[in-house]
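Engineer: Compute the structure for the input listed below.
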Amino acid sequence: MEFLKGSGVAMITPFDEEGRVDYHAVKRVVDHIISGGIDYIVLMGTTAETATLTSEERTKVVALIVEVVADRVPLVLGIGGNNTQVVVDTIKQTDLTAFKALMSVCPYYTRPSQEGIYQHFKHIATATPISVILYNVPARTGVSISNETTVRLATDCANIIAIKDATGDLESVITLLDLVPDGFHVISGDDALALPVVLSGGSGVISVIGGALPNQVSKMIRFALEDRIDEATVYHNQLLEMIDLIFREGNPAGVKNLSKHLGLCTGNVRLPLVPASEPLSVAISEANKVFL
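Structural biologist: From the prediction side, this is the model:
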C-alpha cells in the first residue's frame, strides 16, 4: 500500500442551494483534487456528511466518484459504525472491487473497552478481502484506540495496514511510530499536525483542507517525505491560518465555505450542521488571497 505514503483527501459531498446532492459539483471536486496532485481520495468519511446521506444517495455518490476518478488515483471507502454486525454485513454487501482499502472509524457513543475495540476491528478485518485503515478520532467517538490495541491489531490482522490518527496528540503518535510493525502506516488525521507527523516517520495525511487546496497539501507532504524540510515548512506555514479558520465552526462547514469561494460548490451542509457564519466566510475569503 505504497500509495498511503503521501497525501489523501477526505472528500466532501457537495449540496446545491436546495440541499440536494449536487452531482455536477461532485465531478468538479474530484477533478480539482486530482489535478492538485493528491495521491488518493477517501469516500464516505466524516467530512462527506455520510450520516446525513440516504442509502440511495451514498450509492449514487460512490458510483459517480468511481466513474469520474477512472483509476487516476486509488480510492478508500469509509464503512464504520458502532454496531459490529451491521458494519460486517455492510462490508459483505458492498462491491469493493474499485477500492484499495476500507477506512473504519472507532466505534462511537457506546464507549467500548479496548478489548471490545480489538474484537470489533478483528471482525471487520475478517469480513473484508481488502486492506483496512483504522480511524481514531476520540473527540468525535468518545473513546480512543490505544497504542497497545493498535499494535495488537496490526500484529494479529495481516490486512489491517494503517491508522488515521486524529487524536491531536503528537507525543502519542511519535510513541506509536516506535511500536508498530514495519510496513504499518501511521497517517495524520489532523491537518495542522501533518508535517510534524511525517517528519517523525509518519506516512502522510488524510486531509480536509486538501480537498480545497490540494496543490499546497500534496507539495508539503511530498517535500516532507523527501526530507526537504525547509520547502515543506513554507507550505505548512502558509496553510496554518486557513486550517484554523476552516475548523473554527466545525467540519465540513469551513472547508465547504472555502470550496464555495473557489467556485467548486455551494457552502451548504445538512442539519444538524449549519453553514459557516458570514464573519467566518469573510475571514476565509481574505485568507484565501495568499493562495490566488
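Engineer: Assumed residue 72 was part of a helix.
Structural biologist: No. Counting by DSSP: H, G, I helix; E, B strand; the rest coil, residue 72 is not part of a helix but coil.
Engineer: That one and residue 33 touch, don't they?
Structural biologist: No. Contact criterion CB atoms under 8 Å: residue 72 and residue 33 do not qualify, at 10.0 Å. (C-beta placed from N, C-alpha, C; glycine too.)
Engineer: ok, which stretches of the stretch 101-250 of the chain are strands?
Structural biologist: 101-105, 131-136, 160-165, 185-188, 204-207 (DSSP state E, counting those that start in this stretch).
Engineer: can you put the ones you listed in TSV and add mean pLDDT, distance to residue 245 and mean neighbour count?
Structural biologist: As requested, the strands of the stretch 101-250 of the chain are arranged in TSV below (pLDDT from 0 to 100; distance: least, CB to CB, whole Å; neighbours: other CB atoms under 10 Å):
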stretch	mean pLDDT	distance to residue 245	mean neighbour count
strand 101-105	98	25	25
strand 131-136	98	24	24
strand 160-165	98	22	26
strand 185-188	98	19	25
strand 204-207	98	15	30
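Engineer: okay, these in CSV with distance to residue 6 next?
Structural biologist: What follows is the strands of the stretch 101-250 of the chain, written out as CSV (distance: least, CB to CB, whole Å):
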stretch, distance to residue 6
strand 101-105, 13
strand 131-136, 14
strand 160-165, 12
strand 185-188, 10
strand 204-207, 5
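Engineer: between these, which gets nearest to residue 8?
Structural biologist: strand 204-207 (4.3 Å; CB to CB).
Engineer: related to what we said a few turns ago, right, and the strands of the stretch 101-250 of the chain - which one's nearest residue 57?
Structural biologist: Set against residue 57 and scored by CB to CB, the strands of the stretch 101-250 of the chain come closest in strand 101-105, at 19.1 Å.
Engineer: who does the closest one touch, helix- and strand-wise?
Structural biologist: strand 75-78, helix 114-127, strand 131-136, strand 160-165 (3 or more CB pairs under 8 Å, 6 or more residues apart in numbering; DSSP states H and E).
Engineer: Burial check on residue 24, number of neighbours?
Structural biologist: Using other CB atoms under 10 Å, residue 24 has 12 neighbouring residues.
Engineer: Can you give me the pLDDT of it?
Structural biologist: Residue 24 carries a pLDDT value of 98.
Engineer: Am I right that it is in a helix?
Structural biologist: Yes. Applying three-state DSSP, one finds residue 24 inside a helix.
Engineer: so how far is residue 19 from residue 284?
Structural biologist: For residue 284, the distance to residue 19 equals 21 Å [CB to CB, to the nearest Å].
Engineer: With neighbour numbers in mind, choose between the two.
Structural biologist: residue 284 (23 against 13).
Engineer: What residues does residue 103 make contact with?
Structural biologist: 42, 45, 76-80, 132-135, 164, 206 (CB atoms under 8 Å, 6 or more residues apart in numbering).
Engineer: mind running it again at 6 Å?
Structural biologist: Contacts for residue 103 (CB atoms under 6 Å, 6 or more residues apart in numbering) come out as 42, 76, 78, 133, 135.
Engineer: quick one: which of those is nearest residue 263?
Structural biologist: The closest of the contacts of residue 103, once distances to residue 263 are taken by CB to CB, is residue 42, at 23.0 Å.
Engineer: Could you grab the helix/strand/coil label for that closest one?
Structural biologist: strand.
Engineer: Give the burial count for it, as a bare number.
Structural biologist: 25.
Engineer: Would you agree it is in contact with residue 10?
Structural biologist: Yes. Between residue 42 and residue 10 there is a contact under CB atoms under 6 Å: 4.9 Å.
Engineer: what is in contact with those two at once?
Structural biologist: With CB under 6 Å, 6+ apart, residue 42 and residue 10 have common neighbours residue 206.
Engineer: re earlier: any idea which of the strands of the stretch 101-250 of the chain gets closest to residue 25?
Structural biologist: That would be strand 204-207 among the strands of the stretch 101-250 of the chain, by CB to CB, at 19.1 Å.
Engineer: For the closest one, which strands pair with it and how are they oriented?
Structural biologist: For strand 204-207, the paired strands and their directions (DSSP bridges) are strand 6-10 (parallel), strand 185-188 (parallel).
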